[in-house]
Structures are given as structure tokens and as C-alpha cells.
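Asks: here are the coordinates; sequence isn't available:
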């Protein structure tokens, strides 16, 4: 078969791959971008965009039920999953179609629909959607294939119908009783969402706390809020088997404190983690090194073990957030097209978990600070001390700051609170500018606002 030659090939149209391909082609480079599924990758099609549209629907249901607390009288609140799904699909289609159009109309760029695998370094075989084959060679290849749901080897799981983070968004009706395996970001977002839609929800978490990467006090605050919302959160629950129940639902066997327990539900969501999409790529044929989980190993400039081959986004492991993938694109744009020398070592990485109230964090945790023997000062403050939170009757949660004792620089910030992601971003900007905490302590913020709570917590730090 005659091999076709390109300057650059991008595998995957996610939030790193799509803009990178357009940028490369815009510089006059003969570029191909390969996509086996819908354009836009995980974020647009099955991740950020659809889940946040559904989170918004769930929040509106919650607010409607609380109307009387604000003097607003409503009738019975019901949820139409058909309409929730239709709204979600419409927004996803709009985003994906827009991305597809931008790729198809970019000069020097060819969108190829098919599945890629390496034949050797910088040589790919593409199985097209019609079954035909193309072989492509490029000077540089960029891998942006993302990740997918990790399915654990639980006995009986392959014999029942279960949901993952994609299929649960296609349900036609609200589950009567949803059992969630996993107490991480995905499990908690869907768990609270479907509780607000009207499901009974049980969360089974193997560890001693939810959100194992967070400090214990932050995780405890989240757990308390979810339980207050009616979720049945069971910690230290090690799932051993699943089976079909007599009523046509599912039954989960788990061990807690050395004792066998059962929980039954109408639906089961598997949300114990994600795994990189690397198996189909046949990376060993190219000599590309991965870790034990299949994530592609890269250096600080995102190059793999093979010169001229790069990996971006979730496929390289580490925190799986869209904004990280997009910054990966910006690093390569700077270094390969603009003569820059950017690395992954110099960036401050924030994240927000879209439970309600939101959990957001930037910088190091208290646990990490203590493990590193850093000289730090730590201050906590309940959101009930924030005027705007009280006025909106959304005063659940807390915030925590970690400040270097000698320099006064902010090393970390975490918040469980209304608009937590936006509040965290304010602190992030201060950290990026190497501002001392006193700048936020003394800033004149709008009253009433959530931002002015930063005056309060840093003033408390001084008083401690």
C-alpha cells in the first residue's frame, strides 16, 4: 500500500487536538487529524458539556423544591428525563457540529474518520469507517485520544446491565434506586444529580473517605452535605460481587468492618476511575513507553519516548481535566511554532468538582504541605460567615487557606461552597502573580459578594 505523507498528524479531536491541528494547518503545514468517534472528544460529547447541562437541570429541580423557603410557592416538582436528555443532546450537538465544521473548513487540514494504530514510529494505519485502510506517515504525531471508564474485575459485573458515565446520561426515566460504585468526582456529581432528580442514591466507597486526594476535613464536609441531601454514603465498603436481584434490579455484595452486607437497587453506576485510551494504538510497535496503567509517559515538554511523537491531555495520565489538555496544546503551540520553551513544570493547576455547593482547589493540600515539612500557616472558615452565602441561603461548606509562614505567599486554597470555582479562581490569580496573602486581605471587593470572604479568612489568619 502506498503511504501518504503529512507534515503533522493529530490523533483525536479533543480540547488539545482540535486547536493544535487548526494551528498547525494555519502555519501552512500539511496536517491530518484522525477521529474515530464524534468530534470534540470526551469533554464535548460525554464529559464536561453534557454533565454540566444535567447538573444545571438538577439544580433547578432542587431550587424549585426549596421555593417556599424564599417565599415562592410552587406545586409538585417533577423531572422529565426525556426533556433533560433532549436539552443535553442539543447543546452537545451544537458544540460538536461547530467543531467539526471548523476542522472541515480549515485550509491544509484533512479530517479523517477512522481508528488509528501505529505500524512503527511516525507511521500509522487508519481503518476508516467504511472498512478501508490508509497508511499515513508524518514528521510529527500528536496523540490526544483521552480516556474511558475503568471497568473493575468485580465478579458478576459482566453478567448484569450496568451504567457508566456515558450511558447514565441516556436514561429515559429517573432510576428508582441508584447504587454508585465509587466516591470520586464522577460518582459524586452523578449521585447528587440523580438524588435531585428524585432517585434514592447509595454511594459505596472503598476508602475511608470520599475524594481520597482531598484533605480529611474537606472530604468530611462534602460527605456531610451529601448526607444532608439524602444520599446514603457508605465508606470503607469493599465491593466483592454483583448479581441480578429477584425483582429485576441489581444486588451488590460488599464487606464493611469484616462483615458481609448487601444493597439492592434498580440501577448500578460504575464510577471507580478512568483509564487511558491507548490499547488500540498499538504503542509498542512505535516504541512508545507507557506506565502500568497504560498512560503514555512524556517529558516536561510533552514528548514521548519517541522523538517527534507527543501526547496531550488525559491519555498521558495525571489529573484528567479539560483545562489541562487545553494548556498542553498551548505549550506545544508555543514551543513548536513560536520558539518558546514552556514546560508542564511552571503551571498552577486548579480544578472544580461540580457537586453543589462546588468543591474547588488550587495549589497544595494541607496533607501535602505537612508531608513536605513546609513552614505553613493554615486557616479555615465556614461559609456561614459569608454574608452573600447567608443571603442566598446557601451557607453550607467551608474554605481553607495554606500560607507560607515566612514569605506570606499562598501555597494552597480549597473551598466547598457556593460559586466555589469562581472564588478559587480569584485566589489562583493571586498565586500566579506571587502576591502575598495580605493583598487579598486588604483588597476592596464588592459588597455583598463571595470574593469579599477572602478579606475575612485572611484577617482570621492574622488573628490566629
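Replies: All right, it came through fine. Note that the coordinates shown come from a computational prediction; the quantities given were computed from them, not determined experimentally.
Asks: Residue 19 sits in which helix or strand?
Replies: helix 17-26 (DSSP states H and E).
Asks: what's next to the longest helix along the chain, contact-wise?
Replies: Criterion DSSP state H: the longest helix present in the chain is helix 81-104. The contact list for helix 81-104 (CB atoms under 8 Å, 6 or more residues apart in numbering) reads 13, 18, 21-22, 33, 38-40, 44-45, 49-50, 53-54, 57, 109, 111, 169-174, 197. The C-beta positions use only the backbone N, C-alpha and C, and glycine is treated the same way.
Asks: that older thread, list the contacts of the helix holding residue 19.
Replies: By CB under 8 Å, 6+ apart, helix 17-26 touches 7-8, 10-11, 13, 31, 33, 39-41, 99, 102-103, 106-109, 142, 144, 312-313, 326, 329, 332-333, 337.
Asks: quick one: it to chain centroid distance?
Replies: Distance of helix 17-26 from its chain centroid, counting by CA atoms, centre = their mean, to the nearest Å, is 23 Å.
Asks: Give me the buried stretch members for the longest helix of the chain, please.
Replies: Neighbour-count burial for helix 81-104 flags 81, 84, 85, 88, 92, 95, 96, 99, 100, 102, 103 (criterion: 16 or more other CB atoms under 10 Å).
Asks: how about those residues in TSV, adding distance to residue 441 and pLDDT?
Replies: Shown next, in TSV, are these (distance: CB to CB, whole Å; pLDDT from 0 to 100):
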residue	distance to residue 441	pLDDT
81	47	97
84	43	98
85	46	98
88	42	98
92	43	98
95	40	97
96	45	97
99	43	98
100	48	97
102	44	98
103	47	98
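Asks: What segments of the protein are helices?
Replies: Going by DSSP H, the chain shows helices at 17-26, 41-45, 48-65, 81-104, 185-197, 216-228, 322-332, 366-371, 387-391, 420-432, 437-442, 453-463.
Asks: which secondary structure elements does the fifth one contact?
Replies: When contacts are defined as 3 or more CB pairs under 8 Å, 6 or more residues apart in numbering; DSSP states H and E, helix 185-197 packs onto helix 48-65, strand 177-181, strand 200-204, helix 216-228, strand 267-270, strand 350-353.
Asks: Domains in this protein, by residue range?
Replies: Listed by automatic domain parsing, the domain ranges of the chain are 4-149+275-346, 157-272, 357-463.
Asks: Straight-line length of stretch 435-445, end to end?
Replies: The first residue of stretch 435-445 is 16 Å away from its last residue (CA to CA, to the nearest Å).
Asks: Can you report how many residues neighbour the nearest residue to residue 52 once chain neighbours are set aside?
Replies: Nearest non-adjacent residue to residue 52, counting by CB to CB, 6 or more residues apart in numbering: residue 354, 6.2 Å away. Residue 354 is flanked by 21 other residues according to other CB atoms under 10 Å.
Asks: repeat for residue 416
Replies: Neighbours of residue 416 using other CB under 10 Å come to 27.
Asks: residues in contact with it?
Replies: Residues near residue 416 by CB under 8 Å, 6+ apart: 218, 221, 222, 225, 357, 358, 359, 383, 396, 397, 398, 399.
Asks: got it, and residue 439?
Replies: Applying CB under 8 Å, 6+ apart, the residues near residue 439 are residue 430.
Asks: and it, how far is that from residue 399?
Replies: Using CB to CB, to the nearest Å, residue 439 is found at 17 Å from residue 399.
Asks: what's the answer for residue 93, then?
Replies: 38 Å.
Asks: now do residue 130
Replies: For residue 130 relative to residue 399 (CB to CB), the value is 55 Å.
Asks: neighbour count winner among these two?
Replies: Legend: neighbour count by other CB under 10 Å for residue 130 and residue 399, higher for residue 399 (28 against 7).
Asks: Could you find the closest non-adjacent residue to the more buried one?
Replies: Leaving out its chain neighbours, the residue that sits closest to residue 399 by CB to CB, 6+ apart is residue 415, at 4.1 Å.
Asks: out of the helices of the chain, which comes closest to residue 295?
Replies: Of all those, helix 322-332 sits nearest to residue 295, with 13.3 Å by CB to CB.
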